[in-house]
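[1] here you go, sequence then predicted model.
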Amino acid sequence: MLCSHEYKRTILALALVSAFVLSGCTKDDGSAGAHSAAALPAEVSDNGSRIVFPAASPGLARITSQIMRNGSATIPVIAPAHVVASISAGLATKGRIVLFESSDVTSLYSQYSQSRSNIERTSKNLERVKEMFSNQAANAKDLNEAEAEAANALTTMAESEAKLRGLGFNPVELDAVPPGTIWLICDVLESQLQEVQQGEDVPIVFSAFPASIVHGRADAIGEVVDPITRTVKVRVSAANHHGRILPGMFARVDFGDPIDNVVVLPLSAVVTVEGRDYAFVQTGEGEFSRRPITLASSGATAAVVTKGITDGDRVVTEGAMLLKGLSFGY
C-alpha cells in the first residue's frame, strides 16, 4: 500500500498530465480559423453569370484555364454512310446494271422506270387520239380516257421521283452515272449541314477496308429533315476500283474543311443547358464569368466558336462542370 506522501505525489502527477492534454486540445493556434476561411463558399451573383472564389478555396484547385488565340483548324465532321447502289456495265451494248442495297429502293426505282415508259406511251397515244378526234375518227370519250391515262402516268412518276429524292436519289442523275460507280447515302446532322457543300471532295473510309481512303464527291443534298434523328440525307459518289465495294457496306465520310481565323475550344470547356452552349472566362484571380457562345461546328474533342469568345480570352478548360453547377444552381 502506498504511503500518504507517495499517494499525494501520484495524484498530482496525474492531474498535471490531464491538464496538459486538455490544454493541448483547446489551444487556439489559428488552424481552425484558416480551415474555416478555406471552406467559405464561392460567391455567385448577376443571376449566376459571375462567380468569385475566396483566396485558397479548394475549388480553385479543380479549375484550369487557358488563353485562347485565333488560328486555323480542321474540325472533322464525320457522318455514317452506307453503299446504296452500285452501277456496273451490263452484257448488252451500252447496257447498265444497277444493284441496290434495299429491295424497297429497287422496287421504287423499277416503278419510276415503268412510269416513265408509261408517260412516253400515253403521251404518244394522246397525240394519236387528238389527231383522230380532229378527223372525227374518235369521240370525246376516247379523248377523255387518253387524257386521264396520260395524267395518271405523270402523277405516278412524280410520286416515285419524290420518294427517290427523299432518300437522296435523283433518278435522272442515276441514269447518267457511268459504270464503275458507287453511291453512298450519308446521314448528316441538321446542326452540321452547313459544313456540307454540294460538289466538294470528301474522304471515305469503309469498315471493310479501314486502312484505305477512297475519295468521293458530295453530289446531292436531301430536301427533307428526318423528324426523329434530325439528320439530312447526303448522296456521295465514288469510283468502285476493282469492284470490291459492295452495296450494303458501311463507311464514314468526313465533310470537315479547314477554317481560318477562328477560336477553337476543347469540348471540356463547353457546357450545355436547355439547348444553349456556354463557356466560362476567367476575369481575375478566382473570378469567372459565364458567356453564352455560338458553335460553328464540333468534332470529337474540339469545337469552333463563332461568337462569345474572342482572341485573348482566358477560358476554363477543366472544371467547367463545377462552375456550371454553381452558375445554374445544380
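    Sure thing, it's come through.

[2] so, low pLDDT: which residues of this protein?
    1-39, 90-95, 168 (pLDDT under 70).

[3] what residues of the longest strand along it count as buried?
    The residue-count maximum for a strand in the chain (DSSP state E) belongs to strand 209-225. By neighbour count, and taking 16 or more other CB atoms under 10 Å as the criterion, the buried residues in strand 209-225 are Val214, Gly216, Ala218, Asp219, Ala220, Ile221, Gly222. Every C-beta, even on glycine, is put in place using the N, C-alpha and C of the backbone.

[4] is the fifth one in contact with Arg235, as I believe?
    It refers to Ala220. Yes. At 4.4 Å, Ala220 counts as touching Arg235 under the criterion of CB atoms under 8 Å.

[5] can I get the CA coordinates of the helix or strand harbouring Ala85 in PDB?
    Using DSSP states H and E, the element containing Ala85 is strand 78-89. Coordinates of the C-alpha atoms in strand 78-89 are reproduced here as PDB (Å, rounded to 0.1, in the frame of the first residue of the first chain):
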ATOM      1  CA  ILE A  78     -17.900  12.600 -89.600                       C
ATOM      2  CA  ALA A  79     -21.200  11.200 -91.000                       C
ATOM      3  CA  PRO A  80     -22.100   7.500 -91.000                       C
ATOM      4  CA  ALA A  81     -22.800   6.200 -94.500                       C
ATOM      5  CA  HIS A  82     -23.600   3.000 -96.400                       C
ATOM      6  CA  VAL A  83     -23.400   2.000-100.000                       C
ATOM      7  CA  VAL A  84     -26.900   2.100-101.500                       C
ATOM      8  CA  ALA A  85     -26.200   1.400-105.200                       C
ATOM      9  CA  SER A  86     -23.500   0.100-107.500                       C
ATOM     10  CA  ILE A  87     -23.600   0.800-111.200                       C
ATOM     11  CA  SER A  88     -21.800  -1.600-113.400                       C
ATOM     12  CA  ALA A  89     -21.700  -2.400-117.100                       C
END
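
[6] does anything pack onto that strand? Which helices or strands?
    If contacts are counted by 3 or more CB pairs under 8 Å, 6 or more residues apart in numbering; DSSP states H and E, strand 78-89 sits against strand 96-100, strand 181-189, strand 250-254.

[7] any chance of these in a markdown table, with mean neighbour count and distance to Ser297 too?
    Listed next are the helices and strands packed on strand 78-89 as a markdown table, based on neighbours: other CB atoms under 10 Å; distance: least, CB to CB, whole Å:
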| stretch | mean neighbour count | distance to Ser297 |
| --- | --- | --- |
| strand 96-100 | 16 | 32 |
| strand 181-189 | 23 | 10 |
| strand 250-254 | 19 | 12 |
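
[8] show me the contact partners of stretch 138-152.
    Applying CB atoms under 8 Å, 6 or more residues apart in numbering, the set of residues contacting stretch 138-152 from outside is Ile119, Thr122, Ser123, Asn125, Leu126, Val129, Lys130, Met132, Phe133.

[9] in that stretch, which residues are buried?
    Buried residues in stretch 138-152, counting neighbours by 16+ other CB under 10 Å, are found at Ala138, Leu143, Ala146, Glu149, Ala150.

[10] and the buried residues of strand 209-225, which is closest to Arg244?
    Using CB to CB, Val214 comes nearest to Arg244 of the buried residues of strand 209-225, at 10.4 Å.

[11] what sits against the closest one?
    Taking CB under 8 Å, 6+ apart as the definition, contacts of Val214 comprise Pro203, Ile204, Val205, Phe206, Ala238, Ala239, Ile245.

[12] distance between the strand or helix carrying Ile259 and the chain's centre?
    Using DSSP H and E, Ile259 sits in strand 258-266. Centroid separation between strand 258-266 and its chain, computed with CA atoms, centre = their mean, to the nearest Å, is 17 Å.

[13] so which of the buried residues of stretch 138-152 belong to helices?
    Mapping the buried residues of stretch 138-152 onto helices (DSSP state H) picks out Leu143, Ala146, Glu149, Ala150.

[14] what sits closest to the second one if chain neighbours are left out?
    Distances taken as CB to CB, 6 or more residues apart in numbering put Val129 closest to Ala146, at 4.1 Å, once the chain neighbours are dropped.

[15] just list whatever residues bridge to the residue positioned nearest the centre of the chain.
    Centrality entry for the chain: nearest residue to the mean C-alpha point is Leu189, 5.1 Å, by CA atoms, centre = their mean. Under the criterion DSSP bridges, Leu189 forms beta bridges with Thr231.

[16] from what I can see it touches Thr231, true?
    Yes. The pair Leu189 and Thr231 passes the contact test of CB under 8 Å, sitting 5.7 Å apart.

[17] joint contacts of these two?
    By CB under 8 Å, 6+ apart, Leu189 and Thr231 have no common neighbours.

[18] Leu322 touches Leu60, doesn't it?
    No. Because the distance of 9.9 Å does not satisfy CB under 8 Å, Leu322 is recorded as not touching Leu60.

[19] hang on, the earlier thing: nearest to Val271, out of the helices and strands packed on strand 78-89?
    Shortest distance between Val271 and these, using CB to CB, is found for strand 181-189: 19.7 Å.
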